[in-house]
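Visitor: Show me the folded form of this:
(one chain, ligands or ions: 1)
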Amino acid sequence: MNNSVNVFVLKQTDYREHDVIVQALSKEYGVISLMVKGMKKQTSKLAYAFQLFSYTNINIDYVSNDKIHTVKHASVIDSHRMLREDLDCLAITSVVAELTLKFAQSHDLFVEFTRFVSELENRSQKLTIMNLYLAKLLSLEGNTPMVDGCVMCNHQKDIVSISLEEGGFVCQYCNQTMHLPVYNVELLQAYRVIHKASFDVYDKLENYEVNQFSLTRLLLDALKIHSGISTKSSRFLYEYYSQR
Ligand SMILES: [Zn+2]
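Guide: Numbers count the residues shown, from 1 in each chain. Here you go, the predicted model:
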């Protein structure tokens, strides 16, 4: 059957001399693998349509048993050039795309990823957008941490740290035996707020320090601990933001 599908291009892998296997996110099928024949030839009309992070309409013969679907025709709907050319956007989207490919195996992420892309392009606080998306991924797997009190004893005050393993805040009394790093109030507040917030309340987040890489690092570590998922592209992100 000839299917017309709109997809986000999330990953490209070279295959044979001229072909490329593309992994893409679609509303209908979640993650699908596409064979783009001749994409590496200079004359390829498909290369433009399959640039990373493009939103593209494709025609394929979708057979549910097939692992890889050959693309017959493709045209760009929105190239999302900014995601490749702006370094903040590139560093962030590379990691988010890699995580999305992995989480989309078990969760429907098309709507959330679409929202992420539009927020990232239009908002100035780029790390806030990334952090909101990472918190969403944690919640999808039921790993939203306890941020209304100490995860060990439920004490509401004197919070000084975060245990990623236990999944929540830690108070100064419990930390006398846990010996976790002590965080400043701004980071603790930001960690709480990011798990309560969503893209809808972006404008209300300006009073909190949620646009910081320290928060991103905690969220990426939490994803690694709880879902066992880490990304190759986060290396570039770490290098990029530690130099700023
Ligand atoms: Zn405690």
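
Visitor: Show me what the host helix or strand of residue 191 is packed up against.
Guide: Using DSSP states H and E, residue 191 falls within helix 185-196. Contacts defined by 3 or more CB pairs under 8 Å, 6 or more residues apart in numbering; DSSP states H and E place helix 185-196 against helix 126-140, strand 146-150, strand 159-163, strand 168-171, helix 213-227. Any C-beta I mention is one placed from the backbone N, CA and C, and that applies to glycine too.

Visitor: Please identify the buried residues of it?
Guide: For helix 185-196, burial by neighbour count (16 or more other CB atoms under 10 Å) applies to 187, 188, 189, 190, 191, 192, 193, 194, 195.

Visitor: now do stretch 142-155
Guide: Residues of stretch 142-155 classed as buried by neighbour count (16+ other CB under 10 Å): 143, 144, 145, 146, 147, 150, 151, 152.

Visitor: ok, now which ones touch the third one?
Guide: When you say that, I think you mean residue 145. Each residue near residue 145 by CB atoms under 8 Å, 6 or more residues apart in numbering is listed here: 138, 151, 162, 164, 167, 168, 169, 191, 195, 222.

Visitor: Kindly report the same for residue 219.
Guide: By CB under 8 Å, 6+ apart, residue 219 lies in contact with 131, 134, 135, 138, 194.

Visitor: cutoff 10 Å now
Guide: By CB atoms under 10 Å, 6 or more residues apart in numbering, the contact list for residue 219 reads 130-135, 137-138, 145, 164, 191, 194-195.

Visitor: so how far does stretch 99-116 reach from one end to the other?
Guide: 13 Å (CA to CA, to the nearest Å).

Visitor: Not counting its own residues, what contacts that stretch?
Guide: 6-8, 10-11, 23-31, 55, 92-93, 96-97, 129-130, 132-134, 136-137, 140-141, 198-200, 220, 223, 227-231, 233-234.

Visitor: residues of it that come out buried?
Guide: Buried, per 16+ other CB under 10 Å, within stretch 99-116: 99, 100, 101, 102, 103, 104, 109, 110, 112, 113, 115, 116.

Visitor: What count of nearby residues applies to residue 64?
Guide: Residue 64 has 5 neighbours, counted by other CB atoms under 10 Å.

Visitor: right, and it touches residue 28 too?
Guide: No: if you go by CB atoms under 10 Å, residue 64 and residue 28 don't touch, sitting 11.1 Å apart.

Visitor: Next secondary structure after the helix or strand hosting residue 35?
Guide: Applying DSSP H and E as the criterion places residue 35 in strand 30-36. Next along the chain after strand 30-36, taking DSSP H and E as the criterion, comes strand 55-61.

Visitor: quick one: the next helix or strand after that next one to strand 30-36, angle?
Guide: Counting by DSSP H and E, the next helix or strand C-terminal to strand 55-61 is strand 68-78. Here the directions of strand 68-78 and strand 30-36 differ by 100 degrees (axes from the mean of the first three to the mean of the last three CA atoms, to 10 degrees).

Visitor: quick one: strands adjacent to strand 68-78?
Guide: Strand 68-78 sits in its sheet next to strand 30-36 (parallel), strand 55-61 (antiparallel), going by DSSP bridges.

Visitor: can you pull the buried residues of that strand?
Guide: 69, 71, 74.

Visitor: could I get these as CSV with distance to residue 85 and pLDDT?
Guide: Listed next are the buried residues of strand 68-78 as CSV, based on distance: CB to CB, whole Å; pLDDT from 0 to 100:
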residue, distance to residue 85, pLDDT
69, 29, 94
71, 25, 94
74, 21, 95
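
Visitor: List just the nearest of the residues you listed to residue 243.
Guide: Among these, residue 74 lies closest to residue 243 (CB to CB), at 36.8 Å.
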